[in-house]
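Novice: sharing a model prediction with you, sequence too.
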Amino acid sequence: MAVKQMQYVVIGASAAGMAAAEAIRKLDSQGSIIVLSEEQDMPYFRPMVPFIINGKKKFPEMMLIGQGPYQGANIGVRLDSRVKAVNTAEQKVSIKSGEELLYDKLLVATGSLPNIPSDIKGVEAEGVFVLRTIADARAIARRAETARHAVMLGGGLLNLKAAFALLERGLDVTLIVKSPNVLSRLMEPDDTVLIREALNKAGMKLMTGSNVTQILSDSTGVIGVLLESGREIACQMVCIGKGIRANVEFLDKSGILVDQGVVVDKFTRSNIQNVFAAGDVAVTFDPITGERIVTGLWTNAAEMGNCAGRNMAGQPSIYSGTFGILNATQVADEPFVSMGIVHTKGTDYETHIRATPKTYRKLVFTPDGTRLVGALFIGDISKAGLYRYIIRERMPVKDIKSDIVNHRLHYGYFLR
Ligand SMILES: Cc1cc2nc3c(=O)[nH]c(=O)nc-3n(C[C@H](O)[C@H](O)[C@H](O)COP(=O)(O)OP(=O)(O)OC[C@H]3O[C@@H](n4cnc5c(N)ncnc54)[C@H](O)[C@@H]3O)c2cc1C
């Protein structure tokens with residue numbers, strides 16, 4: 001008797017979707033795998049998108065081709081194929097062209113969308129941008145050819161990356177942040193001294209505790225911004241980086257449970273038996289706090305996508321969760337890692353801080369001091385992987401605590 005060939009449909013051709021497709025193909029050599037993307041470009045490494053703005057990389061250097069075997073693995077990637085709706089009763093997805101695709105197993109891996117606050121007027125003007133896709137980066141780069149001054153709204157990591165790319169192109173850049181400091185999700189104001197120094201040194205103008213209420217424009221597009229204080233600042237372009245939200249609108253009538261993102265169980269399965277979700281669009285949990293979270297990190301999306309792919313192909317695999325905060329990157333040549341619980345003001349977590357003119361290290365232990373739950377390293381991020389392991393595995397620190405605090409930890413401890 002002939003065995004029925006599985007039809008796998010993956011919505012989203014990025015970290016989660018491509019990792020899932022590869023994992024499926026490793027376990028199922030016969031099934032049909034179709035990956036749909038609403039973008040016009042073949043899959044690429046999204047964290048590199050700012051390099052299109054400053055011209056440091058060209059698109060071919062960012063493509064996922066070569067990093068995964070999908071081209072030779074009979075994985076069909078279809079571009080410009082936005083899914084408008086999912087019908088879970090009839091197991092089909094509707095694409096913007098009007099075509100419908102049937103599936104046996106479906107993965108939702110549509111990532112996130114930039115959040116645009118409704119209380120800022122004038123966001124539709126020419127010269128107002130968000131940075132999510134390669135197409136966004138190309139549009140920003142085009143405007144930057146004639147603009148002299150860019151105003152960036154929001155002090156999160158993505159907006160800082162965009163801001164630096166514009167500085168590197170030679171524009172004047174002003175970063176306007178509502179909260180008292182930059183990177184407020186990844187560290188506390190007191191932790192940011194080295195980052196602020198690096199921003200100043202790079203020539204970025206930083207305005208904290210300020211809020212833009214309106215973007216001003218004329219027939220040439222953006223000409224300035226109006227602050228809550230009544231002050232106007234002239235500029236020719238504005239980038240909005242005010243957080244992200246899960247990309248789920250097209251699931252409205254599907255019956256798939258959404259609460260901040262697609263809610264999944266430990267097998268990355270949604271409330272519908274043959275529908276899975278992974279990456280930025282999925283709600284997962286933090287292994288330290290146990291809280292449900294949406295993350296927004298490439299490695300998490302890829303890990304979760306791989307796990308979803310294995311489950312879809314019939315190999316039960318548990319997703320072990322992810323840190324609510326985990327980031328290893330650099331801002332203005334200042335490398336930093338932030339992971340686990342780092343916001344400790346007003347709490348009774350045991351905190352150890354070591355600061356030198358060039359480095360900052362903050363370690364956070366449970367109130368009884370028996371487990372490491374968070375770490376922030378700026379300037380020197382060596383051995384961060386060891387700390388991540390201790391936090392993630394919830395290791396009792398016992399006899400290695402003083403080595404952790406004094407940064408004498410080495411890989412030998414884990415070989416004993
Ligand atoms: C500028 C920038 C810098 C970043 N820097 C870092 C970093 O330094 N480190 C880090 O860990 N992370 C970084 N990130 C975050 C990281 O890129 C994301 O966490 C990751 O891309 C999430 O992967 P994903 O597969 O879940 O979704 P996404 O990468 O968002 O991809 C979603 C996919 O779904 C498709 N899609 C969406 N809707 C539809 C639809 N209706 N129909 C069909 N297709 C659809 C899109 O075309 C895309 O292929 C950065 C992100 C940006 C934007």
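Specialist: Thanks, I have it. Numbering: from 1, shown residues only.
Novice: quick one: stretch 82-89 near the ligand?
Specialist: Yes. Contact between stretch 82-89 and the ligand is present through 82, 83 (criterion: C-beta under 6 Å from any ligand atom). For glycine as for every other residue, the C-beta is placed from the backbone atoms N, C-alpha and C.
Novice: the residue nearest the centre of the chain and the ligand, how far apart?
Specialist: Nearest to the geometric centre of the chain sits residue 296, at 2.8 Å (C-alpha atoms, centre = their mean). Shown here: residue 296 relative to the ligand, a distance of 5 Å by C-beta to the nearest ligand atom, to the nearest Å.
Novice: residues contacting that residue?
Specialist: Residue 296 makes contact with 112, 244, 280, according to C-beta atoms under 8 Å, 6 or more residues apart in numbering.
Novice: so what's it scoring on pLDDT?
Specialist: In the predicted model, residue 296 carries a pLDDT score of 79.
Novice: got it, and the one 10 residues further on?
Specialist: At residue 306 the predicted local distance difference test score is 97.
Novice: which positions within the helix or strand harbouring it qualify as buried?
Specialist: For residue 306, the enclosing helix or strand under DSSP states H and E is helix 298-312. Of the residues in helix 298-312, those scored as buried under the neighbour-count criterion (16 or more other C-beta atoms under 10 Å) are 298, 300-312.
Novice: tell me if the residue nearest to the centre of the chain really is in a strand.
Specialist: No. Read with DSSP: H, G, I helix; E, B strand; the rest coil, residue 296 is coil and lies in no strand.
Novice: I figured residue 344 hits residue 351, correct?
Specialist: Yes. At 5.1 Å, residue 344 counts as touching residue 351 under the criterion of C-beta atoms under 8 Å.
Novice: more neighbours: the two, which one.
Specialist: With neighbours defined as other C-beta atoms under 10 Å, residue 344 and residue 351 compare such that residue 344 has more, 19 against 15.
Novice: if you count contacts, what does the host helix or strand of residue 35 end up packed against?
Specialist: Using DSSP H and E, the secondary-structure element containing residue 35 is strand 32-36. Contacts of strand 32-36 with other secondary structure elements, assessed using 3 or more C-beta pairs under 8 Å, 6 or more residues apart in numbering; DSSP states H and E, are made with strand 7-11, helix 15-27, strand 75-78.
Novice: mind listing what that strand pairs with, with the direction of each?
Specialist: Take DSSP bridges as the rule and strand 32-36 pairs in its sheet with strand 7-11 (parallel), strand 75-78 (parallel).
Novice: count the residues that sit near residue 297.
Specialist: Residues lying near residue 297 (other C-beta under 10 Å) number 19.
Novice: how near is it to residue 109?
Specialist: Taking C-beta to C-beta, to the nearest Å as the measure, residue 297 and residue 109 are separated by 14 Å.
Novice: and residue 138, by the same measure?
Specialist: Here the criterion is C-beta to C-beta. By it, residue 138 lies 23 Å from residue 109.
Novice: so which of these two has more stuff around it?
Specialist: In this view residue 138 and residue 109 are compared by other C-beta under 10 Å, and residue 109 has more residues nearby, 33 against 14.
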